[in-house]
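Undergrad: From the sequence below, what's the structure:
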Amino acid sequence: MSKYKEIKGFKVQTLASDTVASQVDTGAWASAASMNTARIASTGTGSASTNYIIAGGYYLPPSVDRSATEQYNGTAWTEVADCPQDLTYGNGLGSGTSSLLASYSQPGPVPGGYGPTTATHKWNGSSWSTVNSMNTFRQNAGTAGSTTAGLIFGGSAPSANANTESWDGTNWTETSDLNTAKTDIGGGCGVQTAALSASGSPATTEQWDGSSWTEVTEINTARQNSGKAGLYTSALCISGQNPSTYVANVEVWNGSSWTEVSDVSTARGYVGGMSPTGSAGSSDAIIAGGSGASLSAATEVWTTSSSFTKINLGQVYYNSGSNAYKVTEQPVPGGSWSSGGAMNTARNGAPGAGTQTAAFIAGGSTGSITAVHEQYNGTAWTEVADLNQVRQRLGNSGTTTAGLAYGGSEPPNTGKTEIYNGSSWTEVADMATARNTIGVLGTVNTASLAVAGYLSGIPGLSATNESWNGSSWTEVNDLNTTRYATFGSGTSTSGIISGGSTPSVNNSAESWDGTTFTEVANLNTARAYGGSSSGASNSSALAFGGEEPGNSAKTESWNGTSWTEVADLATAVGNQLGGAGTGNTSALAFGGNQPGGVTAATEEWSVPEANKTITVG
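TA: Below is the predicted model of the structure:
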């Protein structure tokens with residue numbers, strides 16, 4: 001406390017003493033439609049409370065394991081295809097349309113007649129298939145991630161174990177163990193490279209950084225067989241048993257400590273696994289089934305306040321648990337758009353590249369296809385050397401002194417690539433696959449990724465990705481979802497692709513690590529033909545404008561784990577407006593189609609200084 005006087009210009013208080021700040025840790029549970037079949041010890045997976053699947057478990061009567069599967073769409077549960085085998089106390093990960101169950105089964109009709117299995121089953125949204133088995137059998141384990149990049153840890157095998165296995169979409173591989181062997185975890189949180197193991201027996205909390213586990217602050221109320229939801233830094237631990245008494249309390253994890261929040265209406269354990277993981281953090285969750293006073297089919301959905309931005313900016317909060325001052329200046333992604341200098345040539349169909357104060361656009365359509373090249377200095381646009389080839393719906397990447405333009409439509413589609421040296425464009429090696437409306441990842445002209453796009457003919461969609469090394473193109477791993485007209489942000493080794501057309505408007509997002517694309521949290525609003533900033537990595541992006549199919553002004557900020565809607569563009573704009581910037585804090589939107597037609601307008605995005613933490617020595 002003695003260090004308070006060293007922090008000048010701030011009002012110092014505890015988080016609890018500010019009723020506005022306390023909105024961060026509040027939320028409410030609401031009853032939703034019950035499952036068709038009451039059950040316990042079932043396995044649930046989901047990426048949102050409107051996209052959830054639950055399978056297996058105990059039913060009454062009779063008390064035997066089952067394989068029945070139900071899917072929740074945000075309104076009602078529907079029975080879908082059965083799992084290939086009866087299972088209970090299973091371990092699940094993934095989403096409601098793509099999930100994985102690594103199970104513990106009871107094939108016989110006699111209660112207690114368990115038969116351990118390491119079998120793994122995959123759900124594709126309509127049916128199950130059996131894939132490669134785990135190395136170590138376990139039940140009631142912790143899980144995290146997706147069907148292409150997952151993690152399973154702990155559980156009973158049959159006694160408590162610390163074993164951790166990683167899933168790459170095909171095989172399970174043993175990796176570093178938990179520090180404390182545990183069982184009855186009842187689910188986990190996060191993604192394959194950043195996971196959280198909380199509660200269980202014993203009720204320890206550990207964080208996974210992709211290579212090892214670290215013990216962190218314990219939960220306030222020890223429990224086991226609880227529900228889990230959220231991320232490595234933002235999670236919920238829901239209900240459970242302590243150790244034989246059912247508890248209704250819920251705790252939220254902020255990355256360093258646990259805080260008790262609103263209870264569920266019915267105390268219960270053995271609830272339907274995790275939901276969701278690696279997506280919405282602690283703002284969206286669902287629990288279903290379980291056992292309290294009786295076997296349950298009840299469903300409850302959690303939502304948090306949408307008014308986080310009401311936190312008083314510029315205040316300091318003291319966290320006694322972690323012995324740190326929290327200087328809150330911008331608690332959630334925010335920012336605003338303002339007018340910038342107009343382009344000399346109004347156009348659409350060119351993505352643009354660069355930063356907010358040094359951007360360029362080359363090619364596009366003014367109503368007719370153009371080769372015009374302009375550069376922005378933070379105030380005004382200047383026409384410079386044109387492309388050699390007129391084209392629209394191409395890829396732009398790089399900088400104002402080292403640019404790259406590739407693909408697009410002349411028409412027809414082209415694979416031509418041109419490189420800019422600060423004074424002129426030169427044609428270099430063509431792409432292997434000619435296409436237009438390409439997703440772009442790249443901040444220099446010596447390294448870029450041309451993602452998917454549109455081919456000639458029907459169906460026309462492409463999942464092909466090609467990597468540019470400064471002199472030639474090489475095909476690399478495809479997207480998981482074939483699409484075109486996407487939002488692209490990041491570099492050729494660390495980026496994110498979102499939205500696009502499949503050909504219907506899509507909201508899925510995929511993160512690129514330089515080798516493979518992994519499905520991550522979806523955009524809140526499905527759209528295509530929008531703008532996206534060229535951020536420095538796959539952990540910071542801004543997606544703005546586009547078509548829903550009508551023109552959109554919506555802006556969403558990506559922090560590496562989830563998308564948050566922030567301030568809209570001043571004017572809705574679509575048809576491949578240009579975008580440039582350095583992630584979600586500084587961006588530029590220019591061109592595209594507004595209601596009056598092709599526009600030359602420019603808007604600049606800026607964000608106040610981000611959160612800080614001052615640690616007491």
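Undergrad: Please, where are all the helices along the protein?
TA: Taking DSSP state H to define them, one finds no helices in the chain.
Undergrad: Count the neighbours of the closest residue to residue 57 other than its chain neighbours for me.
TA: Nearest non-adjacent residue to residue 57, counting by CB to CB, 6 or more residues apart in numbering: residue 42, 3.0 Å away. Yep, even glycine has a C-beta here, placed from its N, CA and C like the rest. Residues within reach of residue 42, counting by other CB atoms under 10 Å, total 30.
Undergrad: and what of the one 3 residues further on?
TA: For residue 45, the count of nearby residues is 32 (other CB under 10 Å).
Undergrad: which residues does it form a beta bridge with?
TA: Note on residue 45: beta-bridge partners residue 53, judged by DSSP bridges.
Undergrad: I'd say it and residue 53 touch.
TA: Yes - applying CB atoms under 8 Å, one finds residue 45 in contact with residue 53, separated by 5.8 Å.
Undergrad: What residues does residue 242 make contact with?
TA: The contact partners of residue 242, by CB atoms under 8 Å, 6 or more residues apart in numbering, come to 221-224.
Undergrad: Quick one: buried ones out of those?
TA: 221-224 (16 or more other CB atoms under 10 Å).
Undergrad: any chance of those in a markdown table, with pLDDT and distance to residue 460 too?
TA: Converted to a markdown table, those look like this (pLDDT from 0 to 100; distance: CB to CB, whole Å):
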| residue | pLDDT | distance to residue 460 |
| --- | --- | --- |
| 221 | 88 | 55 |
| 222 | 89 | 56 |
| 223 | 90 | 53 |
| 224 | 89 | 52 |
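Undergrad: pLDDT weak spots in the stretch 301-450 of the chain?
TA: 305-334 (pLDDT under 70).
Undergrad: And the residue most central in space within the chain, how far from residue 237?
TA: Centroid-nearest residue in the chain, with CA atoms, centre = their mean: residue 521, separated by 2.4 Å. According to CB to CB, to the nearest Å, residue 521 and residue 237 sit 20 Å apart.
Undergrad: residues touching residue 509, list them.
TA: Counting by CB under 8 Å, 6+ apart, residue 509 touches 496-499, 519-523, 558, 563.
Undergrad: And for residue 383?
TA: With contact taken as CB under 8 Å, 6+ apart, residue 383 is in contact with 344-345, 372-374.
Undergrad: Isn't the residue nearest to the centre of the chain up against residue 564?
TA: No - at 10.3 Å, residue 521 and residue 564 do not qualify as touching, with contact defined as CB under 8 Å.
Undergrad: Check the gap between the residue nearest to the centre of the chain and residue 454 for me.
TA: Separation of residue 521 from residue 454 (CB to CB): 25 Å.
Undergrad: Once you drop chain neighbours, what's closest to residue 120?
TA: Closest to residue 120 by CB to CB, 6+ apart is residue 102, at 4.7 Å.
Undergrad: how far away is the one you found from residue 344?
TA: Taking CB to CB, one finds residue 102 at 59 Å from residue 344.
Undergrad: In space, what's closest to residue 477 - neighbours in sequence excluded?
TA: The shortest distance from residue 477 to any non-neighbouring residue, by CB to CB, 6+ apart, is to residue 516 (5.0 Å).
Undergrad: can you check residue 346 too?
TA: Counting by CB to CB, 6+ apart, residue 600 is the residue found nearest to residue 346 once chain neighbours are left out, at 3.8 Å.
Undergrad: list the contacts for that neighbour?
TA: 342-347, 590-591.
Undergrad: go with 7 Å
TA: 342-343, 345-346, 591 (CB atoms under 7 Å, 6 or more residues apart in numbering).
Undergrad: of all those residues, which comes closest to residue 302?
TA: Lowest distance from residue 302 to those (CB to CB) belongs to residue 591, with 41.3 Å.
Undergrad: Could you report the neighbour count for the closest one?
TA: Close neighbours of residue 591, defined as other CB under 10 Å, add up to 32.
Undergrad: so how far is residue 364 from it?
TA: Distance, residue 591 to residue 364, using CB to CB: 7 Å.
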